[in-house]
Structure formats: structure tokens, C-alpha cells
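Trainee: model the structure of this input:
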Amino acid sequence: MKPRKLNIKTIPATDINRAYRFWRDVFDLPQSGHESGRHLVLDGEDISFVNGKPTDTLEILVRDHQEELLKHLRNNFITIVGNPEERFGNKIAFQINDSEGNTITLEANK
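Mentor: Sure, this is the predicted structure:
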């Protein structure tokens, strides 16, 4: 997956290590920092995980096309929640849930 933007850089989680692994592995986010203080980075900004209740306001813009994105999600055993939504500019949005119950909207190219 080729993520470009994330609207909120603070992700609520009940298990911060599990959330970190999910976001790193599923979204292919790069790690930064010393081993004892590793963090994920997207669009030049750190992503932090905090204890909290799940949210449904997370949105990621990806460079991938619809077919590539769906294949990547299947390969990671991630199911789509609800129906895809047509968006402006020949884009399409899918919703998934992360390991912490957050609902994430992924916007991709058609």
C-alpha cells in the first residue's frame, strides 16, 4: 500500500503494541527513531498511539488503484466494512476496521 495522507495523527488503541504492528504491517508505514522509541511516520509526520476508545473519523488517502488496494487488503486478511463510496476526482472510498476497532476510510484511485 502507498499511503499519502492521514487526517488524524493520534490513533486511539486499547493495546498500543498491537495497533502499532497493525498500522506498520497493513499500511506499510515506515518506522523512525531509535529502537527504544520507534514510531511510525506518514507524510513527514509522526503517528502516535494513545489509550482511548475507538473512533470512526480516521481517513487515509492512498496512491493505489482500487484493484491493487483490494488485493493488498485481502492479502492481509482485512475485510471491507459496508459498501464502497464514489468520490470526486475519479476516487473511491472503502472502510475497514483496524485491530483496535477504529473504522478507517481508505480513499484510492479508481
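Trainee: low-confidence regions, this protein specifically.
Mentor: Within the chain, the ranges that satisfy pLDDT under 70 run 35-36.
Trainee: ok, the spatially most central residue of the chain to Glu86 distance?
Mentor: In the chain, the C-alpha nearest the mean C-alpha coordinate belongs to Phe27, at 5.3 Å (Cα atoms, centre = their mean). Remark: distance between Phe27 and Glu86 (Cβ to Cβ, to the nearest Å) = 23 Å. Using the backbone N, CA and C atoms, a C-beta is placed for each residue, glycine as well.
Trainee: quick revisit: is it true that the residue nearest to the centre of the chain touches Asp64?
Mentor: No - using Cβ atoms under 8 Å, Phe27 makes no contact with Asp64, being 10.8 Å away.
Trainee: what is in contact with the two at once?
Mentor: Here Phe27 and Asp64 have Met1 as joint contacts, going by Cβ atoms under 8 Å, 6 or more residues apart in numbering.
Trainee: what sits against the closest residue to Arg63 other than its chain neighbours?
Mentor: The shortest distance from Arg63 to any residue other than its chain neighbours is 3.9 Å, reached at Lys2 (Cβ to Cβ, 6 or more residues apart in numbering). Contacts of Lys2 were listed using Cβ under 8 Å, 6+ apart, and they are 28, 62-64.
Trainee: also His72?
Mentor: His72 neighbours (Cβ under 8 Å, 6+ apart): 1, 64.
Trainee: recalculate using a threshold of 10 Å.
Mentor: If you count contacts by Cβ atoms under 10 Å, 6 or more residues apart in numbering, His72 has them with 1-2, 26-28, 62, 64, 78, 106, 108.
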